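J.: fold the following.
(chains A and B)
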Amino acid sequence: MEIIDLIKKNFGSNVKDVKVVNERRIYIEIPPAYIREASEFLFNDLKFRFSIASGIDEVDCMEILYHFSFDKEGTFITLKVKLDKKNPEIDTISDIITGAKWIEREMHELLGIGFRGNNDLRNLLLSPDYKGKKYPLRKDV
Amino acid sequence: MSENKKITEIPIGPYHPLQEEPEFFRLKIDGEKVVGIEIEIGYNHRGIEKLSESKSFDQATFLVERICGICSTSHPFAYVNAVEDLAAIRIPERAKYIRTVVGEIERIHSHLLWLGLAGHFIGYNTVWMWCWKYREPLLELCERVFGNRNHYAMMKIGGVRRDISDDQGDLIRKDMGDLVPKLDMLYNAIQDDPVIKARLRIAGTLTKKDARAYCVVGPTARASGIEIDVRKDDPYAAYGLVDWNVVVREEGDVYAKTMVRIDEMKESVKIINQCVDRLKEVKGEIETEIKEIPEGEGIGRHEAPRGEVFHYVRSRGGSVPYRHKVRAPSFMNVFSNEVAVVGGTIPDAALTLAAVDPCYCCTERMQAVDTDSKVYTSRDLIRMCQEKTYELHRKMKGGK
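T.: Just a heads-up that it's a prediction; the model follows:
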């Protein structure tokens, strides 16, 4: 559990909530504005692997879970951010982690989440012609 | 033509020339050399995640089994792991061994399928015929033991749906015994043949640095020197209860990817044999009864033949998942082709694009590609890829 203490210390007051399900499953909620610094620390400094991100349409907000894996110890850390439902937008991490490019495109087309700084948000899975405002993975669709 | 008049664009797809699956690559060529690539996916997207929100927790197991036709047990395996993580369910020890046997037999037949196709592609049709010949008894074994050649429906939240009897265990052990000399033969044939080796070495190197940046998984990562394997790193089922090794190579080229897969098949045989032996001793239930899934969230992973499969499930306490996120390994691996094909030639590119063993769990749709220039068909690409092997053969052995 040393790794989680190290993360908590580095994140400091940016840790809004920590849920330790067991030593291999840890969820940390952070403010959206802190996502770039947090990802940089996990990916570049601690050498975590970016596994994927899950976007979730909650009733009162839009959530993104960034899943990072520390394969050496089998620890799976999930960073949770909550975005405004009306205008869900967050800074991109795709310039820090190349492997996040596709999933940002996917969350953009399926959930309507904007990624500031990512200038390639073309449709990934949906047709390139689809420019509708209905986002398939939202609960109101 | 782009503003740089020397650059030619060559479309490959929307059907993959080797695996005949829908995806589209736009290669940018300068003379003979590939200088860039654009990748388009989405032709096979079926909206599984959305669909899962309308299925019960139990039905979703069958739904995700339909994501992939080759490694069909990978998704239900990761899904049941996720739900069991969510609800803190412990499964009986016997079920752990059975799950592991299913996962590993599937790994062997999936790797043999890929190896056969790779052999065909480089002009070694004997390798292709051999691999698929040795794969067939495994599919028959699946049918006899799990009830189907594919889509076995063995996984269930809390355990497995069917037991493996002692007689079936003997059958599995016999087939594994028959398979080992064949795997050794394939290993030696590929390792000792200078032409195959040279042909696979010159194609598609993914450096360790790029492998990390693109977050690749499975044999694609392990062939580039990244030692990751969910079975070892975050043991589930019986992977922490048996003795086996993670196979890693440093080179990052197609040869390394090939040898990693062959060595992995041998490790799988080791795992299966140990599990079958343990099944003769560990008797009892094969499932834990589950009444309801509580509110919460869970993450499940499984090391599929192509790498880590990831499932995230959130429950609000009802009978259906509130959110079910699925990430197949090819989602990470296919993207890395953006760097792996650059610097090679067109015949190499076709081989490299197939070397990650791509699998398209995406959306079903058709799209026409308009082009005035020459269209390379799958036959053209296979012919070019094979001709390069023959040329190497002539150079190295003085005539084909």
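
J.: every contact and neighbour count from this point should use C-alpha atoms.
T.: Fine.

J.: give the rounded mean pLDDT of stretch B:157-164.
T.: The average pLDDT for stretch B:157-164 rounds to 97.

J.: which residues sit against it?
T.: B:58, B:80-81, B:83-84, B:89-92, B:95-96, B:98-99, B:145-146, B:153-155, B:286-290 (C-alpha atoms under 8 Å, 6 or more residues apart in numbering or on different chains).

J.: mind redoing it with 7 Å?
T.: Stretch B:157-164 has contacts (C-alpha atoms under 7 Å, 6 or more residues apart in numbering or on different chains) with B:80, B:83-84, B:89-92, B:95, B:145, B:154-155, B:286-290.

J.: does the residue most central in space within chain A count as helix, strand or coil?
T.: When C-alpha atoms, centre = their mean is applied to chain A, the residue found nearest the centroid is A:Tyr66 (3.2 Å). For A:Tyr66, the assignment made with DSSP: H, G, I helix; E, B strand; the rest coil gives strand.

J.: and the strands in chain A?
T.: Taking DSSP state E to define them, one finds strands in chain A at A:17-22, A:25-29, A:49-57, A:61-70, A:75-84, A:89-91, A:114-116.

J.: for these, which one ends up most surrounded?
T.: With neighbours defined as mean count of other C-alpha atoms under 10 Å in any protein chain shown, those peak in mean count at strand A:49-57, which reaches a mean of 23.

J.: and it, what's its mean pLDDT?
T.: Here the average pLDDT along strand A:49-57 is 96.

J.: who's in contact with the spatially most central residue of chain B?
T.: Nearest residue to the geometric centre of chain B (C-alpha atoms, centre = their mean): B:Arg306, 2.8 Å. For B:Arg306, the contact set (C-alpha under 7 Å, 6+ apart) comprises B:218-219, B:329, B:357.

J.: filter the residues you listed down to the ones in helices?
T.: Counting by DSSP state H, those place B:218-219, B:329 in helices.

J.: for the residue nearest to the centre of chain A, list each beta-bridge partner.
T.: A:Ala53, A:Leu79 (DSSP bridges).

J.: which residues touch it?
T.: Taking C-alpha under 7 Å, 6+ apart, one finds A:52-54, A:78-80 in contact with A:Tyr66.

J.: what's the closest of the residues you listed to B:Ala213?
T.: For the contacts of A:Tyr66, the minimum distance to B:Ala213 (C-alpha to C-alpha) is 13.0 Å, reached by A:Ile52.

J.: these two touch, right, A:Thr98 and B:Ala211?
T.: No - the criterion here is C-alpha atoms under 7 Å, and A:Thr98 misses it with B:Ala211 at 10.1 Å.

J.: those two - which one has more neighbours?
T.: B:Ala211 (25 against 17; other C-alpha atoms under 10 Å in any protein chain shown).

J.: which residues are contacting the helix or strand hosting the more buried one?
T.: Secondary structure from DSSP states H and E places B:Ala211 in helix B:208-213. With contacts defined as C-alpha under 7 Å, 6+ apart, helix B:208-213 is touched by A:97-99, B:221, B:224-226.

J.: return the member of those nearest to B:Gln191.
T.: Among the contacts of helix B:208-213, and counting by C-alpha to C-alpha, the member closest to B:Gln191 is B:Ser224, at 18.2 Å.

J.: is that closest one in a helix, a strand, or coil?
T.: Quick answer, by three-state DSSP: B:Ser224 is coil.

J.: got a list of what it touches?
T.: Contacts of B:Ser224 (C-alpha under 7 Å, 6+ apart): B:206-208, B:211, B:249-252.

J.: over to the residue nearest to it when sequence neighbours are not counted. Which of the three states is it?
T.: Nearest non-adjacent residue to B:Ser224, counting by C-alpha to C-alpha, 6 or more residues apart in numbering or on different chains: B:Gly252, 3.9 Å away. Assigned with three-state DSSP, B:Gly252 falls in the coil class.

J.: what's the burial count for B:Gly252?
T.: Residues near B:Gly252, counting by other C-alpha under 10 Å: 25.

J.: what of B:Pro181?
T.: If we define neighbours as other C-alpha under 10 Å, then B:Pro181 has 11 of them.

J.: repeat for A:Asp60
T.: Neighbour count for A:Asp60, taken as other C-alpha under 10 Å: 11.

J.: wait, isn't it in contact with A:Lys85?
T.: Yes - A:Asp60 lies in contact with A:Lys85 (C-alpha under 7 Å); the separation is 6.5 Å.

J.: what's the separation between B:Ala237 and B:Arg394?
T.: 50 Å (C-alpha to C-alpha, to the nearest Å).

J.: out of these two, which sits in the more crowded spot?
T.: B:Ala237 (23 against 13).

J.: packing partners of the helix or strand where B:Arg314 lies?
T.: Element membership for B:Arg314, per DSSP H and E: strand B:307-316. Where contact means 3 or more C-alpha pairs under 7 Å, 6 or more residues apart in numbering or on different chains; DSSP states H and E, strand B:307-316 is packed against helix B:74-87, helix B:218-222, strand B:295-304, strand B:323-327, helix B:329-333.

J.: look up how far chain A lies from B:His75.
T.: B:His75 sits 16 Å away from chain A, going by C-alpha to the nearest C-alpha, to the nearest Å.

J.: with B:Leu115 instead?
T.: 27 Å.

J.: next, the contact list for the closest residue to B:Gly218 other than its chain neighbours, please.
T.: Nearest non-adjacent residue to B:Gly218, counting by C-alpha to C-alpha, 6+ apart: B:Gly307, 3.3 Å away. Listed by C-alpha under 7 Å, 6+ apart, the contact partners of B:Gly307 are B:217-219, B:329.

J.: at 10 Å instead, please
T.: By C-alpha atoms under 10 Å, 6 or more residues apart in numbering or on different chains, the contact list for B:Gly307 reads B:74, B:216-222, B:228-230, B:301, B:328-330, B:332-333, B:356.

J.: please list only the buried members of those.
T.: Buried by 16 or more other C-alpha atoms under 10 Å in any protein chain shown: B:74, B:216-222, B:228-230, B:301, B:328-330, B:332-333, B:356, out of the contacts of B:Gly307.

J.: in this structure the residue nearest to B:Ser224 contacts B:Gly225, no?
T.: Yes - at 7.2 Å, B:Gly252 counts as touching B:Gly225 under the criterion of C-alpha atoms under 10 Å.

J.: common neighbours of those two, please.
T.: Shared contacts of B:Gly252 and B:Gly225 (C-alpha under 10 Å, 6+ apart): B:206-208, B:211, B:219.
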